[in-house]
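Q: Okay, predicted coordinates and the sequence, questions at the end:
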Amino acid sequence: MNAAPTASKPADLTTPMIVPRHAVQQRFRAPKANIPPAPFERTRILHAVRNYVAEFNPVPPLPMAELKEHADRVVQLLGCDPVYRDYLGVLLSNEMWRESLAAVPYERRLLLLPKCMRVESKCPAPFDEFGLLCKQCGLCTIQDLTAEAEKLGYAVLVAEGSAVVMSIIQTGKIDAIVGVSCLSVLEQAFPYMEAAAIPGVAIPLLQDDCIDTTVDLDWVWEYIHLSSQDRTRRLDLGALHEEVDLWFTPASLELTMGTAEGETERLAREWLARAGKRWRPFLAVAAYQALRGDAGGPLPDDLRKAAIAVECFHKASLIHDDIEDNDSLRYGEKTLHESHGVPVALNVGDLLIGEGYRLLAACRISAEQRVRLLQVAAEGQRQLCRGQGAELCWARQPGPLRSTEVLDIFRRKTAPAFEVALRVGALFAGIERHDEVSAVLGKYSEALGVAYQIRDDLSDLGLSGETNDIAGLRPSLLLAVAHEKAKGAQKEQLAALWRRTWPEGLTPAAIEALYAEVGATDRAEVLLGTFKEEAIRSLHDLENHNLKGLLRRVLGKIFNDVEIKGWCKEQEKINRARVPVLSEAASA
């Protein structure tokens, strides 16, 4: 059907918001709504809700009273504060409707967006009786979400008010709703959704203003594309990540790689088993799971070899990077060259590269697949060395770099490892499947790698940062942006840092304060979001539903730092105004 006109404010949704991809730190409507509750771990909550729905099989639509009863039981199971009840009720409703939504064709769905996602002070879009009429100006994400949803066949409405939503539902042309909203609007809409028995999911806004709000975009993208054709939609990425992590215990490594011989191999295995997020081997396995022909089967033993090989290449690069950057700590412990000397560390890094190629060559797959695997790994190694080489050449004659130059180093230094991981998994699933998606994997990896490095730059700030780019006098995006924005004496101080000389009396804390003062930190956050969105957009024309859905979810898994900061201030003002009236009515 043709998309409905775009309209205003958080549309009336009823259903559910799924827990964002991070340790949950939401604000709920409660007597102490302005105080965020203690964080809860996302996987624990999702597992509890999904297990509950699987065991008790509540059938939607449920009346509000029954939904609250189920939510109370989940609160008891989790042992969490009862303030979470309303939110868990929404979550339960989401889970109950999930498979129903997946079965509804895109052209029978409605996407509802709030007007408050626009940049209000600059938005040129007018309103009609339906709401906002987007002018495709590119200032906000409403344009991208609308274009993607309409391409799939959705009707799209940036709408406000239950009457508009109900009029759309009553046409009989809408069988499911995907929407972005805040909890207060969801509560108001629930009776309408319950009455119409319309399945849907909703994604909460990330802050409590009604102006210039934002949302977890890759989460919205995931739900827009939820489809029964995607066999990976039920895949538990948390469990998969944990399984991959278990492959790096000493006993598991010995089982796959054989018994270590001599001190050099022992050190290499020890380094391989050290702490790390294992994103690269996880990506290899995830790509295989999305493209494999026998969905749902056990993971092949030789896939483990390929995934460990990917991590061998990564850990070798870390050893060499630590030497080149003269870092003394990694994972909170001494770096290998700090504890055993540079010659030993270099040799261990070289051995790990060799181990990676040995493992790939030992995979029991077709000869053509093995050759392609080795080619992909070799090309990735070359690209990584080129990126690191650009940084090392800068170090010989250090001077200020533009932010675009730093981003190019990130692109060449960090992205290749992600691309190798994804291509290894795709090739393991079959050469023809790999070749169908190879161009997309390259674009996705590039955006993912740059975003990941920006996030690393931001996470290095402060005393809690694992390493400190300022103290290490290394190129960073923050330093580049700050130098571009600073003026006068501040610019001279930052230029001195670029020349790897430390200005007298200047501390890392003072430099970080300067970053904030000139807006470098905010700019880096914006660029992080931009490259995450670029990774999502790279999947736009991907026809493989499994890979498209899984790679979108992977972004949320890796960048699991979304925080909801509060709920709609507009609605809170209405609620406060109602309190005296309700009190008078109760006492009458």
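A: Yes, it's here. Numbers count the residues shown, from 1 in each chain.

Q: Let me see the contact set for residue 229.
A: residue 545 (C-beta atoms under 8 Å, 6 or more residues apart in numbering). C-beta: built from backbone N, CA, C; applies to glycine.

Q: can you confirm it is in a helix?
A: No - looking at residue 229 with DSSP: H, G, I helix; E, B strand; the rest coil, it is coil, so not inside a helix.

Q: Show the backbone phi and psi for it.
A: Main-chain torsions, residue 229, degrees, to the nearest 10: phi -70, psi -20.

Q: Model confidence score at it, please.
A: Residue 229 carries a pLDDT value of 81.

Q: Let me know the distance separating it from residue 260.
A: 45 Å (C-beta to C-beta, to the nearest Å).

Q: Ok, residue 335 next?
A: Taken as C-beta to C-beta, the span from residue 335 to residue 260 is 20 Å.

Q: what residues go with each domain of this protein?
A: Here the domain parsing of the chain from automatic domain parsing is 42-233, 247-558.

Q: Averaged pLDDT, the longest one. What do you get?
A: Looking at domain 247-558 alone, the average pLDDT works out to 89.

Q: what about the stretch 51-200 of the chain, any weak spots by pLDDT?
A: Applying pLDDT under 70 to the stretch 51-200 of the chain flags the ranges 117-140, 159-166, 169, 182-196.

Q: where along it do the helices fall?
A: 64-78, 85-103, 142-152, 162-169, 183-196 (DSSP state H, counting those that start in this stretch).

Q: from those, which stretch is densest packed?
A: Counting by mean count of other C-beta atoms under 10 Å, helix 85-103 has the highest mean neighbour count of these, with a mean of 22.

Q: For the protein, which segments are assigned as strands?
A: Residue ranges of the strands in the chain, as given by DSSP state E, are 109-112, 127-128, 131-132, 155-157, 176-181, 200-204, 329-330, 333-334.

Q: can these go into a markdown table with extra columns for distance to residue 101 and mean neighbour count?
A: Converted to a markdown table, these look like this (distance: least, C-beta to C-beta, whole Å; neighbours: other C-beta atoms under 10 Å):
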| stretch | distance to residue 101 | mean neighbour count |
| --- | --- | --- |
| strand 109-112 | 8 | 28 |
| strand 127-128 | 29 | 12 |
| strand 131-132 | 23 | 26 |
| strand 155-157 | 15 | 25 |
| strand 176-181 | 5 | 28 |
| strand 200-204 | 6 | 27 |
| strand 329-330 | 44 | 18 |
| strand 333-334 | 46 | 13 |
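
Q: Would you format those as TSV with distance to residue 46 included?
A: Compiled in TSV, these are given as follows (distance: least, C-beta to C-beta, whole Å):
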stretch	distance to residue 46
strand 109-112	23
strand 127-128	38
strand 131-132	33
strand 155-157	28
strand 176-181	19
strand 200-204	13
strand 329-330	32
strand 333-334	32
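
Q: Please identify which of those strands is closest to residue 95.
A: Across those, residue 95 has its closest neighbour in strand 200-204 (9.3 Å, C-beta to C-beta).

Q: So which elements touch the closest one?
A: helix 85-103, strand 176-181, helix 183-196, helix 217-224 (3 or more C-beta pairs under 8 Å, 6 or more residues apart in numbering; DSSP states H and E).

Q: mind checking how far the longest one is from the chain centre?
A: Pointing back at helix 85-103 there. 21 Å (C-alpha atoms, centre = their mean, to the nearest Å).

Q: Quick one: the helices in the stretch 451-588 of the chain, in order.
A: For the stretch 451-588 of the chain, the helices defined by DSSP H, counting those that start in this stretch occupy 477-485, 488-498, 508-518, 520-537, 545-558, 569-587.

Q: mind checking which of those is nearest residue 249?
A: Nearest of these to residue 249, taken as C-beta to C-beta: helix 545-558 at 21.4 Å.

Q: residues of that closest one that come out buried?
A: 545-558 (16 or more other C-beta atoms under 10 Å).

Q: Tell me which residues are up against that helix.
A: 21, 216, 218-219, 221-222, 225-227, 229-233, 235, 237-238, 241, 279, 283, 286-287, 289-291, 295, 437, 440, 444, 448, 452, 532, 535-536, 539, 542, 562.

Q: go on, stretch 394-404?
A: Stretch 394-404 is contacted from outside by 409, 473, 475, 477, 480-481, 483-484, 494-495, 498-500, using C-beta under 8 Å, 6+ apart.

Q: Switch those residues over to JSON lines; also include neighbour count and distance to residue 147.
A: Below are the contacts of stretch 394-404 laid out as JSON lines (neighbours: other C-beta atoms under 10 Å; distance: C-beta to C-beta, whole Å):
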{"residue": "409", "neighbour count": "21", "distance to residue 147": "32"}
{"residue": "473", "neighbour count": "19", "distance to residue 147": "44"}
{"residue": "475", "neighbour count": "21", "distance to residue 147": "36"}
{"residue": "477", "neighbour count": "25", "distance to residue 147": "29"}
{"residue": "480", "neighbour count": "24", "distance to residue 147": "32"}
{"residue": "481", "neighbour count": "24", "distance to residue 147": "29"}
{"residue": "483", "neighbour count": "22", "distance to residue 147": "36"}
{"residue": "484", "neighbour count": "17", "distance to residue 147": "32"}
{"residue": "494", "neighbour count": "25", "distance to residue 147": "39"}
{"residue": "495", "neighbour count": "15", "distance to residue 147": "42"}
{"residue": "498", "neighbour count": "17", "distance to residue 147": "40"}
{"residue": "499", "neighbour count": "12", "distance to residue 147": "45"}
{"residue": "500", "neighbour count": "13", "distance to residue 147": "46"}
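
Q: I'd like to know which of these is nearest to residue 342.
A: Nearest member of these to residue 342, counting by C-beta to C-beta, is residue 473, at 19.1 Å.

Q: Dump stretch 305-314 to CSV, keeping only the CA atoms.
A: Extracted C-alpha coordinates of stretch 305-314, given in CSV (Å, rounded to 0.1, in the frame of the first residue of the first chain):
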residue,chain,number,x,y,z
LYS,A,305,40.0,-23.4,13.7
ALA,A,306,39.1,-20.6,11.4
ALA,A,307,37.7,-18.4,14.2
ILE,A,308,40.8,-19.0,16.4
ALA,A,309,43.0,-18.2,13.4
VAL,A,310,41.2,-14.8,13.1
GLU,A,311,42.0,-14.1,16.8
CYS,A,312,45.6,-15.2,16.3
PHE,A,313,46.1,-12.5,13.7
HIS,A,314,44.4,-9.9,15.9
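
Q: That stretch: which residues count as buried?
A: So stretch 305-314, judged by 16+ other C-beta under 10 Å, has buried residues 305, 306, 307, 308, 309, 310, 311, 312, 313, 314.

Q: For stretch 223-242, measure first residue to last.
A: 24 Å (C-alpha to C-alpha, to the nearest Å).

Q: same check, this time on stretch 148-156
A: For stretch 148-156, the end-to-end distance is 10 Å (C-alpha to C-alpha).

Q: same check, this time on stretch 266-282
A: Stretch 266-282: ends 24 Å apart by C-alpha to C-alpha.
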